[in-house]
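[1] Give the three-dimensional model of this entry:
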Amino acid sequence: MTRIGAGLADATPETDILIARWKPSLTALGSDDAGRRRLSDLGLWFAEKAYYGIAVNISKDALATYRQVLPPEHPDIARGLNNLALLYQAQGQLFEAQPLYEEALAIFRQALPPKPPVIATGLNNLASLYKDQGRLSEAQPLYEDALAIFRQSLPPRHPDIAVSLNNLALLYQAQGRLPEAQPLYEEALAIYRQARPPGHPDIANGLSSLASLYQAQGQLSEAQPL
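    Here you go, the predicted model:
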């Protein structure tokens, strides 16, 4: 028995149609690679529409199915754990998200080569959760390890490196380590300007972050043109 749509206040005629289409074949969908991808896509669709209750239930059912049909250390189980944790974190349910992120990262580390980008993503996710919980000292080495892995495994101007630089810079800024944050923000912005088209939101966010740092350091002349 699936949980999709059960007692959810955010159901609408649009979501009811999708639920009716997918619910009868949920278990079968999870039994092959293509089906697991479709389940993941459906959960992401509901999350993007802010139907978090439905998205959580889809993710729970998908994860339960993965655990039934896959070996316990399969990367798809880790991805399912990570997706569910992201949904919990988006709703502020940090304690529910934490063990899922931790289990996902442990599986990725056991099932994959030592330093693929997916492990860096898992480190970033767990670090983000710790930061949201105010555990800055625990988040720091995870962000630093994630950045090191991205630098080793991706092209030097890859946007994921910029995201990781920005994450670490935000943490340093929250710790009051402004001089250490500045070169990270500047490098992240330089990457975004090379990797994104003019006017992209990532560039705007990078400019805003750097301007905020300059202001915090009293560098008003540098902040003004940003």
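[2] Pro155: neighbouring residues, count only.
    For Pro155, the count of nearby residues is 9 (other Cβ atoms under 10 Å). Quick note: C-beta positions are derived from backbone N, CA and C, even for glycine.
[3] State the three-state secondary structure for it.
    For Pro155, the assignment made with DSSP: H, G, I helix; E, B strand; the rest coil gives coil.
[4] For Leu112, give me phi and psi.
    With angles defined as degrees, to the nearest 10, Leu112 sits at phi -120, psi 160.
[5] Pull the contacting residues for it.
    For Leu112, the contacting residues are 75, 118-119, by Cβ atoms under 8 Å, 6 or more residues apart in numbering.
[6] Over to Asp132?
    Taking Cβ under 8 Å, 6+ apart, we find Asp132 in contact with 89, 94.
[7] burial of the nearest residue to Gln217 once chain neighbours are set aside, as a residue count?
    Once flanking residues are discounted, Gln217 sits nearest to Leu178: 5.3 Å by Cβ to Cβ, 6 or more residues apart in numbering. Residues lying near Leu178 (other Cβ under 10 Å) number 16.
[8] again, but for the one 10 residues further on
    Residues near Ala188, counting by other Cβ under 10 Å, number 25.
[9] In stretch 111-125, which residues are buried?
    By 16 or more other Cβ atoms under 10 Å, the buried positions in stretch 111-125 come out as 111-112, 117-125.
[10] rewinding a little: how much space between the residue nearest to Gln217 and Asn124?
    Separation of Leu178 from Asn124 (Cβ to Cβ, to the nearest Å): 22 Å.
[11] do the same with Pro197
    To Asn124, Pro197 is 24 Å away according to Cβ to Cβ.
[12] so what pLDDT did Asn82 get?
    With respect to pLDDT, Asn82 scores 93.
[13] now Arg38
    69.
[14] related to what we said a few turns ago, please flag which of the contacts of Leu112 sit within helices.
    Among the contacts of Leu112, DSSP state H puts 75, 118-119 in helices.
[15] got TSV for these, with pLDDT and distance to Ile161 too?
    Shown next, in TSV, are the ones in helices among the contacts of Leu112 (pLDDT from 0 to 100; distance: Cβ to Cβ, whole Å):
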residue	pLDDT	distance to Ile161
Pro75	91	22
Val118	92	15
Ile119	94	15
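[16] could the residues you listed go into JSON lines alongside distance to Ala47?
    Converted to JSON lines, these look like this (distance: Cβ to Cβ, whole Å):
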{"residue": "Pro75", "distance to Ala47": "20"}
{"residue": "Val118", "distance to Ala47": "19"}
{"residue": "Ile119", "distance to Ala47": "23"}
